[in-house]
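K.L.:
how would this look folded up:
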Amino acid sequence: MFILANFIFALANILDILLTILYWLILIRALISWVNPDPNNPIVQFLYKTTEPILEPVRRILPLNFRFGIDISPIIVFLLIIFLRSFLVRTLLDFGTRLKLG
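P.N.:
Numbering: from 1, shown residues only. Prediction:
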């Protein structure tokens, strides 16, 4: 069972790293949007290409009365990332620990 437990530990760690990277990419995109970035800049294009597939569905789901003239989709995605890190990653780590001990 230790092989499965180690696999679950590795999966939880990779998921935690990916969620952390996504969190920082969305945060940087939100901060850059305040300064009117050059859309031809490769860094800006990278940020938009990596975060737009996650932010756009959230914008579609938001009802029109929740749109205040500012984009609140990053806040909702931040909350979702925090939930996934708190629940899913910790659950995988606990599950791996139980497999290793049991």
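
K.L.:
which residues of this protein fall in helices?
P.N.:
2-32, 42-61, 73-84, 90-101 (DSSP state H).

K.L.:
Could you export the ones you listed as a markdown table, including mean neighbour count and mean pLDDT?
P.N.:
Where C-beta positions appear, they are placed from N, C-alpha and C, glycine not excepted. What follows is the helices of the chain, written out as a markdown table (neighbours: other CB atoms under 10 Å; pLDDT from 0 to 100):
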| stretch | mean neighbour count | mean pLDDT |
| --- | --- | --- |
| helix 2-32 | 14 | 95 |
| helix 42-61 | 13 | 93 |
| helix 73-84 | 15 | 95 |
| helix 90-101 | 14 | 93 |
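
K.L.:
Run through the residues that contact the closest residue to residue 55 other than its chain neighbours.
P.N.:
Leaving aside its sequence neighbours, residue 55 sits nearest to residue 73 (CB to CB, 6 or more residues apart in numbering; 4.6 Å). Listed by CB atoms under 8 Å, 6 or more residues apart in numbering, the contact partners of residue 73 are 55, 56, 58, 59, 62.

K.L.:
Name the nearest residue to the second one, ignoring sequence neighbours.
P.N.:
Spatial nearest neighbour of residue 56, chain neighbours left out: residue 73 (7.9 Å); criterion: CB to CB, 6+ apart.

K.L.:
Quick check: residue 92 touching residue 12?
P.N.:
Yes: the criterion here is CB atoms under 8 Å, and residue 92 meets it with residue 12 at 3.7 Å.

K.L.:
Tell me how far residue 19 lies from residue 87.
P.N.:
Counting by CB to CB, to the nearest Å, the separation of residue 19 from residue 87 is 11 Å.
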